[in-house]
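> Need coordinates for the following:
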Amino acid sequence: MKPTLLSFLFLLFSALEVTCTDSGVNGFASANGGTTGGGSAVAVTVTTAADLKEAAGTPGAKVIIHRQWYNRCQQHHISDQQQDHNRCRRNRHPLSHVWYDHLAIRDASDGLLDITLQSDYHTVSWCKFWYTNSSLPHRLANLHIQERMPRVMCGGAHIYNNYHTFWGNNYAIGFGSYGSVAILNNYFNGTQDPHRFLHDVYADGETEGSIYDGTIGVRDEGKKGSRDVAGQEGSRYRPVTTPYAYALDAAEAVPELVRACAGPRASSV
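Residues are numbered from 1 along each chain as shown. Predicted coordinates for the structure are as follows:
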């Protein structure tokens, strides 16, 4: 149907009616004593990739404010350790109690946001992930995104009130290899395989309350897999539990909430 002026004004009015509220640190970053960043720490503003790496690499509690785009050749890793997606057991400097909030992340040549190395208690909230160049070969993240939004292996993730909108992707949320996900009240628009089980290794996917608008393909859920990985038999999956309070928005409200409230905001800087 061709958009009309009336429908445009209705959408504009609806967007203006959305109220964006911040409830402080939430999600896993609020659990187990809370995030060690934020709070009364003096904010550090960075405008280059080098400044970001230096600020993130120093010990202690901190707040880091981004005021610049970094191109995909300036990819930043807080840890210089080599990633290994095939092993659950790691002894290399995991990072815990991290909160990624109101960020816009795009066009990295590798994953847009990788939480690995047995890192724990991470929250990703009110962030936007996308690619502007469909020819990039590794569009794996969380317009032109292929998959891993997110992909969960060897850990648990609470995935709720997200807006997934793209066409021609491989899958949206992936889980497998001892990964567990709770997928609640998300909105999937025009997506292939909204949530897919990956690899025939024990995993768990719990789903409830999401909207599937024009989607195709699988919506895998429940206990999956039939085998362990040799040498990793102790890395058994379990359903996701949330050691914090949270409130779900209705799935039908998610698209407008995300459009209006996600990404960098003047009030947060």
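> now the helices: where do they sit in the chain?
Shown for the chain, the helices assigned by DSSP state H span residues 5-17, 49-57, 254-261.
> could I get the second one in CSV with only the CA atoms?
This file holds the C-alpha atoms of helix 49-57, laid out as CSV (Å, rounded to 0.1, in the frame of the first residue of the first chain):
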residue,chain,number,x,y,z
ALA,A,49,39.8,4.8,18.7
ALA,A,50,43.2,5.2,20.5
ASP,A,51,41.6,7.2,23.3
LEU,A,52,38.9,4.6,23.7
LYS,A,53,41.4,1.7,23.9
GLU,A,54,43.5,3.6,26.5
ALA,A,55,40.4,4.5,28.6
ALA,A,56,38.9,1.1,28.5
GLY,A,57,42.2,-0.7,29.2
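> Where does pLDDT dip in the stretch 1-150 of the chain?
By pLDDT under 70, the weakly predicted segments of the stretch 1-150 of the chain are 1-17, 22-23, 36-39, 67-93, 107-112, 131, 133-147.
> Spell out the residue ranges of the strands in it.
43-46, 63-66, 96-101, 104-106, 120-125, 128-130 (DSSP state E, counting those that start in this stretch).
> which one of those lies closest to Asn189?
strand 128-130 (13.7 Å; Cβ to Cβ). No exception for glycine: its C-beta is placed from N, CA and C like everyone else's.
> by contact count, what packs against the closest one?
Under the contact criterion of 3 or more Cβ pairs under 8 Å, 6 or more residues apart in numbering; DSSP states H and E, the helices and strands touching strand 128-130 comprise strand 104-106.
> check contacts around Phe28.
Residues counted as contacts of Phe28 (Cβ atoms under 8 Å, 6 or more residues apart in numbering) are 120-123, 158, 244.
> Nearest residue to it in space, ignoring adjacent ones along the chain?
Sequence neighbours aside, Tyr121 is the residue nearest to Phe28 in space, at 4.6 Å (criterion: Cβ to Cβ, 6 or more residues apart in numbering).
> With Val124 instead?
For Val124, the spatially nearest residue (Cβ to Cβ, 6+ apart) is Tyr100, at 4.7 Å.
> Leu52 now?
Nearest residue to Leu52 in three dimensions, chain neighbours excluded: Val46, at 4.6 Å (Cβ to Cβ, 6+ apart).
> Run through the bridge partners of the one you found.
According to DSSP bridges, His66 are recorded as the beta-bridge partners of Val46.
> how near is it to Lys62?
Per Cβ to Cβ, to the nearest Å, Val46 is found 11 Å from Lys62.
> So for the two, which residues contact both of them?
Ala55.
> so who does Ile254 touch?
Actually, residue 254 is Val rather than Ile. Val254 sits next to 161-163, 185-187, 211 when contact means Cβ under 8 Å, 6+ apart.
> make that Asp101, sorry
The contact partners of Asp101, taken as Cβ under 8 Å, 6+ apart, are 123, 125-127, 268.
> show me what contacts Tyr160?
The contact partners of Tyr160, taken as Cβ under 8 Å, 6+ apart, are 182-186, 246, 248.
> Most neighbours among the residues you listed, which one is it?
When neighbours are counted by other Cβ atoms under 10 Å, Ile183 leads the contacts of Tyr160 with 25 neighbours.
> Could you double-check that that one lies in contact with Ile173?
Yes: contact status for Ile183 versus Ile173: in contact at 6.2 Å, counting by Cβ atoms under 8 Å.
> tell me, what's touching these two both at once?
Common contacts of Ile183 and Ile173 (Cβ under 8 Å, 6+ apart): 159, 195.
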